[in-house]
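Student: Task: produce atomic coordinates for the following.
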Amino acid sequence: MRHEKQNVFDDYIAVAEELVKQGFTKPEKLAALGGSNGGLLVGAAITQRPDLFRVALCGVPLLDMVRYHLFGSGRRGSRSTARPTTRTTSRRSMPTLRITM
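Tutor: Below you'll find the model as predicted:
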């Protein structure tokens, strides 16, 4: 199932494209909203097609699977996620997003 995850992202983007194509909305008025696994969906959609959404509300997503084991429920361990054997990062290397209106 995991190897087909991109299909979910593609479907979400296709629906947004169709809404624009049929004139229901415009990209400058389209918002993406999702929490938890839906937050992952929103994160992937805005990363792959930032031109398609004006705003994204991405709640409690699991976006950083490389360092997942360091945060929240990932600290308890999970058989479904692989832990990296070696990886060091600092806060300075983490990307930041500044939103201005």
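
Student: For the longest helix that the chain contains, name the packing helices and strands.
Tutor: Looking across the chain with DSSP state H, the single longest helix is helix 5-21. When contacts are defined as 3 or more CB pairs under 8 Å, 6 or more residues apart in numbering; DSSP states H and E, helix 5-21 sits against helix 37-48. For the C-beta atoms, the positions are set from N, CA and C on the backbone; glycine is no exception.

Student: can you state the direction angle for the helix it packs on and helix 5-21?
Tutor: Angle of helix 37-48 versus helix 5-21, following axes from the mean of the first three to the mean of the last three CA atoms, to 10 degrees, is 70 degrees.

Student: Pull up the pairing partners for the helix or strand following helix 37-48, direction included.
Tutor: Using DSSP states H and E, the next helix or strand after helix 37-48 towards the C-terminus is strand 55-59. Within its sheet, strand 55-59 is paired with strand 31-35 (parallel), according to DSSP bridges.

Student: buried sites along the strand it pairs with?
Tutor: A32, G34 (16 or more other CB atoms under 10 Å).

Student: then that strand to PDB, C-alphas only?
Tutor: What follows is strand 31-35, C-alpha atoms only, in PDB (Å, rounded to 0.1, in the frame of the first residue of the first chain):
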ATOM      1  CA  ALA A  31      -7.500  26.300   0.200                       C
ATOM      2  CA  ALA A  32      -6.200  22.900   1.200                       C
ATOM      3  CA  LEU A  33      -7.100  21.700   4.700                       C
ATOM      4  CA  GLY A  34      -6.200  18.500   6.400                       C
ATOM      5  CA  GLY A  35      -5.200  17.000   9.800                       C
END
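
Student: Could you tell me which ranges of the protein sit under the pLDDT cut-off?
Tutor: Within the chain, the segments meeting pLDDT under 70 span 1-2, 72-101.

Student: 80 instead, please
Tutor: Low-confidence segments of the chain, defined by pLDDT under 80: 1-3, 62, 64-101.

Student: show me the contacts for I46.
Tutor: A32, F53, A56, C58 (CB atoms under 8 Å, 6 or more residues apart in numbering).

Student: Tell me the most packed of these, by neighbour count.
Tutor: The most crowded member of the contacts of I46, judged by other CB atoms under 10 Å, is A32 (23 neighbours).
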